[in-house]
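In: Below is the structure, and that's it, no one-letter string:
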């Protein structure tokens, strides 16, 4: 609406003025199979008080150094008292993947959010205020034909979009799923599932264990979503 878009980085002078404290997070430790981790954090709600969202902005886009891209709604920031870590302290001997760097979204122990991957975004280089409706518009206009595929889209938004973009929405840390798999074929669906378990199972060095976010029934809904947009793409071509 003619107003300058707001961008915040770790070098922003305002962050240095916010109150800092060291906290633990059982949500963080559970997600990454750690224990007794500590983070020096500032409150995202305090940051919002400085940078009042303008116009229809109702979310924060989190751009990361490794082409990962997270997104959190401003309602979630307030509801779960989300923090942002400027320092991360792990127990001696803990394996730390390359992507686990400040800035990091942190859920404090008194908050109990649903366990989605979007609350573990790390290596953040900048925060931008955006509109959720505008951001998701290219996905919401895909014309999904059944409730299971729509549920799969919701799962994709919460857990996959940060690494795998679709319709130019999301991050580019991971491969393009629609280019790498022709999910109109049953054999390709099996190959996709096998590759998913290989890359995102419980025993991988990146600590990206998607099994804790998506159960088998949810995976089938996710696969139905990807199958349907693959079919729609083929029809258009």
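Out: Okay, I see it. Just so you know, these numbers come straight off a predicted model, no measurement behind them.
In: And the residue nearest the centre of the protein?
Out: residue 118 (3.1 Å; CA atoms, centre = their mean).
In: Could you list the paired strands of the helix or strand bottoming out on mean pLDDT in the chain along with their orientation?
Out: Ranked by mean pLDDT, DSSP states H and E, the weakest helix or strand in the chain is strand 7-9, scoring a mean of 79. Next to strand 7-9 in the sheet, as set by DSSP bridges, lie strand 124-130 (antiparallel).
In: Could you check the strand it pairs with and say which residues are buried?
Out: 124, 126-127, 129-130 (16 or more other CB atoms under 10 Å). Yep, even glycine has a C-beta here, placed from its N, CA and C like the rest.
In: can you pull up the bridge partners for residue 69?
Out: residue 63.
In: would JSON lines of the buried residues of strand 124-130 with distance to residue 160 and pLDDT be doable?
Out: Output for the buried residues of strand 124-130, formatted as JSON lines (distance: CB to CB, whole Å; pLDDT from 0 to 100):
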{"residue": "124", "distance to residue 160": "18", "pLDDT": "94"}
{"residue": "126", "distance to residue 160": "22", "pLDDT": "92"}
{"residue": "127", "distance to residue 160": "21", "pLDDT": "92"}
{"residue": "129", "distance to residue 160": "23", "pLDDT": "90"}
{"residue": "130", "distance to residue 160": "19", "pLDDT": "91"}
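In: and the helix ranked longest in the chain, which residues are buried?
Out: Secondary structure assigned by DSSP state H gives helix 216-236 as the longest helix of the chain. Using 16+ other CB under 10 Å as the test for burial, helix 216-236 gives 219-230.
In: would you turn those residues into a markdown table with distance to residue 208 and pLDDT?
Out: Formatted as a markdown table, the buried residues of helix 216-236 follow (distance: CB to CB, whole Å; pLDDT from 0 to 100):
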| residue | distance to residue 208 | pLDDT |
| --- | --- | --- |
| 219 | 15 | 86 |
| 220 | 20 | 89 |
| 221 | 20 | 90 |
| 222 | 15 | 89 |
| 223 | 18 | 89 |
| 224 | 22 | 90 |
| 225 | 20 | 89 |
| 226 | 18 | 89 |
| 227 | 23 | 87 |
| 228 | 25 | 87 |
| 229 | 23 | 84 |
| 230 | 24 | 82 |
